[in-house]
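Undergrad: Prediction below, plus the sequence it came from.
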Amino acid sequence: MNKEIIKIFDTTLRDGEQSPGASMNTEEKIQIAAQLERLRVDIIEAGFAAASPGDFDAIDKIAQRVTNSTVCSLARALDKDIKAAGEAIAKAKHQRIHTFIATSPIHMEHKLKMKPDEVIRRAVDAVSYARTFVEDVEFSCEDAGRSDIGFMKEISDAVIEAGATTINLPDTVGFRLPFEIGAMVKEMSEYVKGRAIISVHNHNDLGLGVANSLEAIVNGARQVECTINGLGERAGNAALEEIVMALKVRSDVFGDYTTNINTKEIYPTSRLIATITGIEPQPNKAIVGKNAFAHESGIHQDGVLKHKETYEIIRPEDIGLSKDDTLVLGKHSGRAAFKDKLAKLGFSLDDEALNASFERFKILADRKKEIYDDDIRALVTNEMTKATQIYEIVSLQLMDCSEGVPSAAVRIKKEGEEIMDASIGGGTIDAVFKTIDRITGYNGSLEGYNVKSVSEGKDALANVTVKVSFDGEPAVIGHGLHLDTMLASARAYIGALNSYLSMEGKLKSRHCDSSQTV
Ligand code: KIV
Ligand code: ZN
């Protein structure tokens with residue numbers, strides 16, 4: 001029997017990026033898009049082109065890199081958004097514009113302040129304009145979960161007539177229960193049958209995003225929008241890995257449906273995104289949480305040893321979780337072993353990146369006793385995704401912070417020249433960041449700071465993520481990795497500055513007078 005393909009529309013780079021603290025830089029987004037393509041998602045929503053020049057740039061670069069998956073940009077139902085979306089995806093082999101407007105009474109009245117017929121006109125104009133750029137246009141009835149179904153039929157008729165090929169019904173506020181989503185999707189998919197496909201986009205405010213998506217599938221949805229690790233606005237979106245594995249593991253129930261996903265890439269994708277965003281899935285998270293395959297109780301361990309299926313419904317290898325995800329390499333490991341390990345972890349690096357990563361691995365191996373897969377993932381990801389290194393931290397020295405005033409001396413390299421300066425601060429990190437500002441001449445305001453240990457042990461690598469706004473402009477993200485948390489913080493801050501400068505071509509020489517060239 002021919003199974004129906006459920007299209008997987010991944011919005012990790014758009015709705016997922018709306019998770020507080022999950023912003024990513026362009027290089028990071030490109031690496032994620034490449035991994036999503038390896039995962040074989042059908043559509044990658046690469047961002048919201050009109051949101052900022054950085055978003056536009058990332059979508060444009062992803063469009064040039066991705067060949068198999070469709071590359072999509074979100075756009076409000078406004079000409080300027082649609083133009084930006086159309087231009088940002090123009091170089092993609094397969095292109096889609098996703099435009100939306102709210103259709104629920106509460107959104108139309110209080111947010112849009114528009115009458116229903118104006119909303120329909122705006123939607124039709126948006127879809128018609130989008131069709132001048134691409135053939136594949138998706139239209140979303142924002143807040144469909146709280147919209148009137150009669151109105152959604154009316155607007156769907158109009159936008160399909162204008163050229164929309166997918167009608168998405170987002171449960172924007174995660175309000176609906178599975179049986180309600182099922183009924184809505186059934187009615188809408190029967191209504192648009194043969195004219196468009198119905199898609200769903202379920203938020204997780206009541207923890208029902210995945211259940212609602214599965215219910216939508218059995219009731220006629222042929223596309224589901226979802227994110228890796230369930231990232232997304234507020235409580236997040238339906239998790240891609242949960243939907244896909246539920247369809248696979250329960251093929252006795254969902255036997256009529258399948259996806260194009262290569263499930264062996266699920267775990268590597270989840271790790272890549274956790275490493276880049278610094279947002280770890282909760283340990284008991286289904287499919288990809290640290291404990292998802294850990295058996296704690298003696299009875300369970302005994303059962304699994306006797307026969308795996310006593311307590312395991314999913315084989316770890318089916319999601320690409322290797323059994324030797326423990327101690328891996330050490331300081332005596334050579335390049336070949338390192339390269340082999342990278343291949344097992346799903347990285348394929350060119351010679352230059354491989355050499356740089358191997359060098360960093362050797363330095364780490366000299367100082368850290370046990371190196372885990374997560375250390376290697378963090379190290380390589382950090383190497384691959386860093387922006388052009390305009391500034392580089394050479395050394396950092398901290399002065400008495402127990403009794404005296406916290407102060408820091410930092411040495412930075414720029415274009416082969418080393419500059420050193422020192423300053424005091426309210427705390428040690430403040431002192432480090434202030435010194436960097438003094439040396440570079442940029443004025444950073446710290447909007448977020450997060451530190452995570454990458455693996456186990458007292459000698460674990462610290463992965464620091466900072467969100468910094470320079471000179472009052474929109475904040476950028478920087479990551480820093482080091483055994484020393486303060487050095488990792490300094491690297492993260494400089495990483496954010498490098499991102500800011502390379503993104504906008506803003507480099508200006510602004511060393512302040514007090515800094516010393518050495
Ligand atoms: O949740 C939502 O309604 C959205 C739309 C823009 C699709 O993210
Ligand atoms: Zn959403």
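TA: Okay, I see it. Ligands and ions are numbered 1, 2, ... in the order given.
Undergrad: So for the lengthiest helix in the chain, mean pLDDT?
TA: Ranked by residue count under DSSP state H, the longest helix found in the chain is helix 485-504. Averaging pLDDT along helix 485-504 yields 89.
Undergrad: swap in stretch 76-87?
TA: Rounded mean pLDDT across stretch 76-87 is 98.
Undergrad: go on, stretch 32-46?
TA: Per-residue scores along stretch 32-46 average to 97.
Undergrad: what comes up buried for it?
TA: Buried positions in stretch 32-46, judged by neighbour count with 16 or more other Cβ atoms under 10 Å: 32-39, 41-46. (Glycine included, C-beta is placed from N, CA and C.)
Undergrad: Repeat that for stretch 151-165.
TA: Per 16+ other Cβ under 10 Å, stretch 151-165 contains these buried residues: 151, 152, 155, 156, 158, 159, 160, 162, 163, 164, 165.
Undergrad: The last one against residue 130, yeah?
TA: Right, the one you point to is residue 165. No. With contact defined as Cβ atoms under 8 Å, residue 165 does not reach residue 130; the gap is 10.7 Å.
Undergrad: Now do the shared contacts for the two.
TA: Shared contacts of residue 165 and residue 130 (Cβ atoms under 8 Å, 6 or more residues apart in numbering): residue 137.
Undergrad: quick one, helices of the stretch 201-350 of the chain?
TA: 209-218, 240-249, 251-254, 266-277, 298-306, 335-344 (DSSP state H, counting those that start in this stretch).
Undergrad: Quick one: name the residues of this protein near ligand 1.
TA: Within the chain, the positions adjacent to ligand 1 are 15, 100, 140, 142, 168, 170, 172, 201, 203 by Cβ under 6 Å from any ligand atom.
Undergrad: closest one to residue 433 among the helices of the stretch 201-350 of the chain?
TA: helix 266-277 (21.3 Å; Cβ to Cβ).
Undergrad: for the closest one, what is the average pLDDT?
TA: pLDDT averaged over helix 266-277 gives 92.
Undergrad: How far does it sit from its chain's centre?
TA: 8 Å (Cα atoms, centre = their mean, to the nearest Å).
Undergrad: how far off helix 240-249 does it point, in degrees?
TA: Going by axes from the mean of the first three to the mean of the last three Cα atoms, to 10 degrees, helix 266-277 is angled at 170 degrees with respect to helix 240-249.
Undergrad: quick one: least confident helix or strand in this structure?
TA: strand 516-517 (a mean of 32; mean pLDDT, DSSP states H and E).
Undergrad: Which residue, neighbours along the chain excluded, lies closest to residue 374?
TA: residue 455 (4.7 Å; Cβ to Cβ, 6 or more residues apart in numbering).
Undergrad: you'd agree the one you found is in a helix?
TA: No. Counting by DSSP: H, G, I helix; E, B strand; the rest coil, one finds residue 455 to be coil, located in no helix.
Undergrad: Where does pLDDT dip in the stretch 251-400 of the chain?
TA: The model of the stretch 251-400 of the chain has pLDDT under 70 over residues 296, 323-328, 400.
Undergrad: can you map out the helices along the stretch 351-500 of the chain?
TA: Counting by DSSP H, counting those that start in this stretch, the helices of the stretch 351-500 of the chain are 351-367, 373-385, 428-440, 485-504.
Undergrad: out of the ones you listed, nearest to residue 9?
TA: helix 373-385 (23.9 Å).
Undergrad: relative orientation of the closest one and helix 485-504 in degrees?
TA: Going by the same axes, to 10 degrees, helix 373-385 makes 30 degrees with helix 485-504.
Undergrad: I'd like to know which elements helix 373-385 is packed against.
TA: helix 26-39, helix 266-277, strand 327-329, helix 335-344, helix 351-367, strand 476-482 (3 or more Cβ pairs under 8 Å, 6 or more residues apart in numbering; DSSP states H and E).
Undergrad: So what touches it?
TA: 25, 27-28, 31, 271-272, 275-276, 322, 325-326, 328-329, 341-342, 345, 347, 349, 353, 356-357, 360-361, 364, 368, 454-455, 461, 463, 479, 481.
Undergrad: right, and residue 233 touches residue 20 too?
TA: No. Between residue 233 and residue 20 there is no contact under Cβ under 8 Å: 9.1 Å.
Undergrad: Can I get the helices and strands packed on helix 373-385 in a markdown table including distance to residue 447?
TA: Listed next are the helices and strands packed on helix 373-385 as a markdown table, based on distance: least, Cβ to Cβ, whole Å:
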| stretch | distance to residue 447 |
| --- | --- |
| helix 26-39 | 18 |
| helix 266-277 | 15 |
| strand 327-329 | 36 |
| helix 335-344 | 34 |
| helix 351-367 | 28 |
| strand 476-482 | 10 |
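Undergrad: All set, thanks.
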